[in-house]
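> Predicted coordinates and the sequence they were generated for:
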Amino acid sequence: ANLGASAGASVGIALANNLAENSTVTAFASDATLTSDNQTVDINATQYALLVTVAGSGSVSKGGVTLDATEATTDYQPTTTAYIDAVASNGRSTVTAGGNVLVDADTNLHAVTVAGNIAFNASGTSVAATVATLVHTDSTKAWVDHADVTALAGGNASTVTTGVNLSKSTDDSFDGVSVTATSEETITTVAAGVDLGTSSANRAASVSVNLLDETTTARIHGDTTINDDNTDADASQQINVFAWSDTTINSGGGAIGLSGGGTWGGGASADSGDITKTTIASLQSSNANATNTISVQSLSKEKVASYEGTIEVSRGLEVAATAGIYLFDLTTQAYVGRETGSTSKLSTDGSLLVAADSVTQAHVFAGSVAASLGGPASVGASFGSIHISKQTNATIEPGAKVTAKGLAATDAISAASGGFDVTFDD
């Protein structure tokens, strides 16, 4: 925070930067042999961050020029990985559990970034400028590769994250093999500038920016077997591969300029976002067996609300402009099997679910007010734009050989059918 005061020119500058550029958490079993008779093998990597970045400043002057600038930046770049793999040449990991085998990677962010200032000049020119920026580059990955994994589901049930009706859900009675990657962020970004004067010109500007690049993947790769020897497996045995990415953004910019005189005044506010997300769940195991359900789901959700406004009032020429622009590039995929090469054999006494879903809600509210109290003219302009590019696929690849018996003794699944209802209101 900063406060400046002067009978002549006055300058105020405040900077706040919250940087966590290389935050890494890894949990793994590599080139390992693990055995647990009736218990669970759980490989879990979790990151949680609460980041609050606030910058504020003010400048007061009786004359001359008053300049006040404020900048706040939050930059969080986490890498969260959980895996069973082998890195040695021709190496292999073997994990055998009489209970369950769980591989989980989870990243959670709550970020608040606020920049605000105020500039006052009794008889001269004043300028207030604010910038608030959020940068989030997230890699959350869980996988199994170069491994033989067996979970006979004979022990106590485990709690895992999965999808129900194309929404994230918690299953506290899970038995079997589960590979999950989940990433969630709640972001608030605000920039606000106020410029006040009694007799001269005023200019106020604010900009808020959100830049996100996120990769969330849960995968069982091709050089892997799951329950290859399924002798003595419990009837509740499942395979769950689940990727979930959830983004909530509330962001805005505001600029206010008020002057009792002056020849002209101008104000501008803008809020923008560039959001790129890749969310993938895949099961490409050379051989995978389950006595109950096999589920492979990839779900992505975005909810964005953008608010920006500009108010400019003086006795001279007034110009007020506002813009809100958001760009989305979203890839959401779920698939089983391999597109080319060797065959992936998947067999279950129950059902197989392969699902991908992407839900985006985006709202931009932009408004401006320009008022000239006896001056020559006032001009106001507002602009809002949302551009969404999506690729959402759920596929059984040509290299998959699937047997799903759907026996009555197994759990039923809920799957989107593509159907819809039509209703009419008088």
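Looks like it came in fine.
> which residues touch Lys277?
With contact set as C-beta atoms under 8 Å, 6 or more residues apart in numbering, Lys277 has these partners: 212, 214-216, 245, 247, 300, 302, 328-332. Every residue, glycine included, has its C-beta placed from N, CA and C.
> quick one: what helix or strand has the nearest residue to Gln391 once chain neighbours are set aside in it?
If you skip the residues right next to it in sequence, Gln391 has Thr331 as its closest partner in space, 4.8 Å away by C-beta to C-beta, 6 or more residues apart in numbering. Using DSSP states H and E, Thr331 maps to strand 317-336.
> Are there helices or strands packed against that strand, and which ones?
strand 264-283, strand 294-314, strand 352-372, strand 378-396 (3 or more C-beta pairs under 8 Å, 6 or more residues apart in numbering; DSSP states H and E).
> Mean pLDDT and distance to Asp425 added to these, as CSV?
Shown next, in CSV, are these (pLDDT from 0 to 100; distance: least, C-beta to C-beta, whole Å):
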stretch, mean pLDDT, distance to Asp425
strand 264-283, 90, 35
strand 294-314, 91, 27
strand 352-372, 90, 23
strand 378-396, 91, 28
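> can you put those in JSON lines and add distance to Ser89?
Listed next are the helices and strands packed on strand 317-336 as JSON lines, based on distance: least, C-beta to C-beta, whole Å:
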{"stretch": "strand 264-283", "distance to Ser89": "25"}
{"stretch": "strand 294-314", "distance to Ser89": "30"}
{"stretch": "strand 352-372", "distance to Ser89": "34"}
{"stretch": "strand 378-396", "distance to Ser89": "33"}
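> So which of those is nearest Ile413?
Go through the helices and strands packed on strand 317-336 one by one with C-beta to C-beta and the one that ends up closest to Ile413 is strand 352-372, at 4.9 Å.
> The closest one vs strand 317-336, what angle?
Compare the direction of strand 352-372 with that of strand 317-336 by axes from the mean of the first three to the mean of the last three C-alpha atoms, to 10 degrees and you get 180 degrees.
> Pairing partners for strand 352-372, with directions?
Using DSSP bridges, the strands paired with strand 352-372 are strand 294-314 (parallel).
> Run the angle between the strand it pairs with and strand 378-396 for me.
With the same axes, to 10 degrees as the criterion, the two stretches strand 294-314 and strand 378-396 enclose an angle of 180 degrees.
> How far does strand 294-314 sit from its chain's centre?
On the basis of C-alpha atoms, centre = their mean, to the nearest Å, the separation between the geometric centre of strand 294-314 and that of its chain is 11 Å.
> Which of the residues in that strand are classified as buried?
Of the residues in strand 294-314, those with enough neighbours to count as buried (16 or more other C-beta atoms under 10 Å) are 294-302, 304, 306-314.
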